[in-house]
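S.K.: A predicted structure for the sequence below; I have some questions about it.
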Amino acid sequence: MARFELKLPKMGESVAEATITSWLKEVGETIEIDEAVVEIATDKVDSEVPSEVEGTLVEILFQKDDVVGVGETIAVIETEGEELIDVTETEQVQVPNEVVEIEKTIEKASEVAAIPITKTSGSGKFYSPLVRNIAQTEGVSMEELESVSGSGKEGRVTKEDILAYIDNRGKVSEKETTLLKVEAPKPIEKIVAKAAPVSVNGGDEIIEMSRMGKLIAKHMVDSVQTSAHVQSFIEIDVTNIVKWRNRVKDAFMKREGEKLTFTPIFMQAIATTIKKYPLINIAVDGDSIIKKKNINLGMAAALPDGNLIVPVIKNADQLNLVGMTSAVNDLANRARNNQLKPDEIQDGTYTVTNVGSFGSVMGTPIINQPQVAILALGAIRKVPAVIETSEGDFIGVRQKMFVSHSYDHRVVNGALGGMFIKTLKEILEAWDVNQEF
């Protein structure tokens, strides 16, 4: 019999840890190859960890709600045959001698004074999972982390900042190093923002927010506090698009095997508009503006539990309508079934949300940070409208919709925000009802 160590896999460049949410297998149960063993959650997406081997689960090393670092062994599976070699253990990384010496010094210090590094410090500073993981590993206390100058957005400490601090920290004098070993950091009093008191009556029901619900709530509040939100609205006549889709949707399904909805049509038009206005496709980093090379469209999707997730269509401007339809349907289906990978909800540069799917005529969506704009698609409605012809004006029934454009007024002025949706309107209203797909 051989023992195989099941490790927490890498789940994207910015994901350093995950929380165990549920074990799908108990000790003693048999496991097939690629069968899901445990459910995990990161600050980006929920996922499952499958087994790479067939065997019996003999040991569980972490329990529900435990936080596990990427690469850590979470369970042991007993298999038939010879001892298996874990490939991840054979990969060696070349580390400079200076770093090795620093690590030894910090390791000794951490044995004497090690306290957990929380996501938010007592002074309100936010630290990413990667920075906290490095600090915890290198024995950097919260008190020391507070003193590190951040070069990231809003003064946040980046990976480079913490590594530079550790490098300089290893060069302190022997006297200072000895002092660091002996002195335990003083506990920091946690400052908690006071919330307005809520009265609870006897018949009221208290519902605990889900983990994802808490993350979304914080993300929304942070966005409103970061960006100066303003909105522009425009009404678009999509009568030709509705007629065209009704004409070709059956043939499209027969030829491509995909259901043609309005979403990929709009997404393709939005990607074309972004190419005309690349300064919408940016991010803000402190006092700098980062102009994104790729057009990666985020597509807000509703989950069965009522929460939202934003899968990303990478290089959306390079897709034709068939490719866009396939990408939209695939991501939407896997989002609803909780099968998205962490990399599929990262690196978005512009987000689209379809509030019309719930019957809303328009909305004022909150920007998905660190992007600078988001577009809401309203419901398509039959409305009376003035139609201009060479023979004069008359009233007719048209299919129309509103789009709502929220953008960050720090870097996007009203002219750019308004011209963007005006151009989108022109593209959609010029749709050729006789074209093929």
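M.R.: It's in. Numbering: from 1, shown residues only.

S.K.: Tell me which stretches of the stretch 201-350 of the chain form helices.
M.R.: Secondary structure of the stretch 201-350 of the chain, counting by DSSP state H, counting those that start in this stretch: helices at 211-226, 239-256, 262-276, 321-336.

S.K.: taking the mean pLDDT, what do you get for stretch 397-408?
M.R.: Mean per-residue pLDDT for stretch 397-408: 97.

S.K.: distance between it and the chain's centre?
M.R.: 26 Å (CA atoms, centre = their mean, to the nearest Å).

S.K.: Same check on stretch 280-292?
M.R.: Counting by CA atoms, centre = their mean, stretch 280-292 comes out at 18 Å from the chain centroid.

S.K.: what sits up against that stretch?
M.R.: 151-154, 274, 278-279, 295, 349-350, 370-373, 407-408, 410-412, 416, 420 (CB atoms under 8 Å, 6 or more residues apart in numbering). In this view, the C-beta of every residue, glycine as well, is placed from N, C-alpha and C.

S.K.: Buried ones among these?
M.R.: In terms of neighbour count (16 or more other CB atoms under 10 Å), the buried residues within these are 152-153, 274, 295, 349-350, 370-373, 407-408, 411-412, 420.

S.K.: which of these lies closest to residue 131?
M.R.: Closest approach between those and residue 131, by CB to CB: residue 152, at 9.3 Å.

S.K.: What spatial separation is found between the closest one and residue 304?
M.R.: 35 Å (CB to CB, to the nearest Å).

S.K.: one step back: in CSV, list the helices of the stretch 201-350 of the chain along with mean pLDDT and distance to residue 10.
M.R.: Output for the helices of the stretch 201-350 of the chain, formatted as CSV (pLDDT from 0 to 100; distance: least, CB to CB, whole Å):
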stretch, mean pLDDT, distance to residue 10
helix 211-226, 89, 21
helix 239-256, 96, 34
helix 262-276, 97, 29
helix 321-336, 95, 20
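
S.K.: Which among these is found nearest to residue 6?
M.R.: It is, among the helices of the stretch 201-350 of the chain and with distance given as CB to CB, helix 211-226, at 22.5 Å.

S.K.: what does that closest one rub up against?
M.R.: Against helix 211-226 from outside (CB under 8 Å, 6+ apart): 19, 21, 41, 43, 46, 154, 209, 305, 307-308, 366-369.

S.K.: Out of those, give me the two with the largest separation.
M.R.: Longest span within the contacts of helix 211-226, CB to CB: 154 and 305, 31.0 Å.

S.K.: now the end-to-end length of stretch 57-68.
M.R.: Start and end residues of stretch 57-68 are separated by 19 Å (CA to CA, to the nearest Å).

S.K.: One more: stretch 152-168?
M.R.: End to end - CA to CA - stretch 152-168 spans 19 Å.

S.K.: from the middle of its chain, how far away would that stretch be?
M.R.: Worked out by CA atoms, centre = their mean, stretch 152-168 lies 22 Å from the chain centre.

S.K.: With stretch 388-400 instead?
M.R.: The mean C-alpha position of stretch 388-400 is separated from the chain mean by 44 Å, CA atoms, centre = their mean.

S.K.: For it, list every residue counted as buried.
M.R.: Applying 16+ other CB under 10 Å to stretch 388-400 flags 398, 399, 400 as buried.

S.K.: So in this protein, which strand runs the longest?
M.R.: When the chain is parsed with DSSP state E, its longest strand is strand 392-408.

S.K.: That one - contacts with which helices or strands?
M.R.: For strand 392-408, the elements it packs on are strand 229-237, helix 239-256, strand 373-377, strand 381-389, helix 414-429, judged by 3 or more CB pairs under 8 Å, 6 or more residues apart in numbering; DSSP states H and E.

S.K.: quick one: contacts of stretch 299-309?
M.R.: 45, 210, 212-213, 216, 263, 267, 310-313, 328, 331-332, 335-336, 338, 340, 345, 351-354, 357, 365.

S.K.: which of those residues count as buried?
M.R.: 45, 212, 263, 267, 310-313, 328, 331-332, 335, 340, 345, 351-354, 365.

S.K.: What residues does residue 297 make contact with?
M.R.: 267, 270, 271, 312, 313, 316, 348, 349, 350, 351, 352.

S.K.: How about it: which residues does it bridge to?
M.R.: Listed beta-bridge partners, residue 297: residue 313, residue 350 (assigned using DSSP bridges).

S.K.: Got the confidence number for it?
M.R.: For residue 297, the pLDDT comes out at 97.

S.K.: What separation is there between it and residue 212?
M.R.: From residue 297 to residue 212 the distance is 22 Å (CB to CB).

S.K.: Please report how far residue 403 lies from residue 291.
M.R.: 24 Å.

S.K.: Among the two, which residue is more densely surrounded?
M.R.: For residue 403 versus residue 291, the count of surrounding residues by other CB atoms under 10 Å is larger for residue 403: 25 against 10.

S.K.: could you say what helices and strands the helix or strand hosting residue 133 packs with?
M.R.: Under the criterion of DSSP states H and E, residue 133 resides in helix 129-138. With contacts defined as 3+ CB pairs under 8 Å, 6+ apart, the packing partners of helix 129-138 are helix 97-112, helix 142-146, helix 159-169.

S.K.: and the shortest one, how far from the chain's centre?
M.R.: To tie it back to what came earlier, the one meant is helix 142-146. Using CA atoms, centre = their mean, the offset of helix 142-146 from its chain centre is 27 Å.

S.K.: got the contact list for residue 311?
M.R.: 298, 299, 301, 331, 332, 334, 335, 340, 344, 345.

S.K.: same thing but at 6 Å, please
M.R.: Contact analysis of residue 311 by CB atoms under 6 Å, 6 or more residues apart in numbering lists 299, 331, 335, 340, 344, 345.
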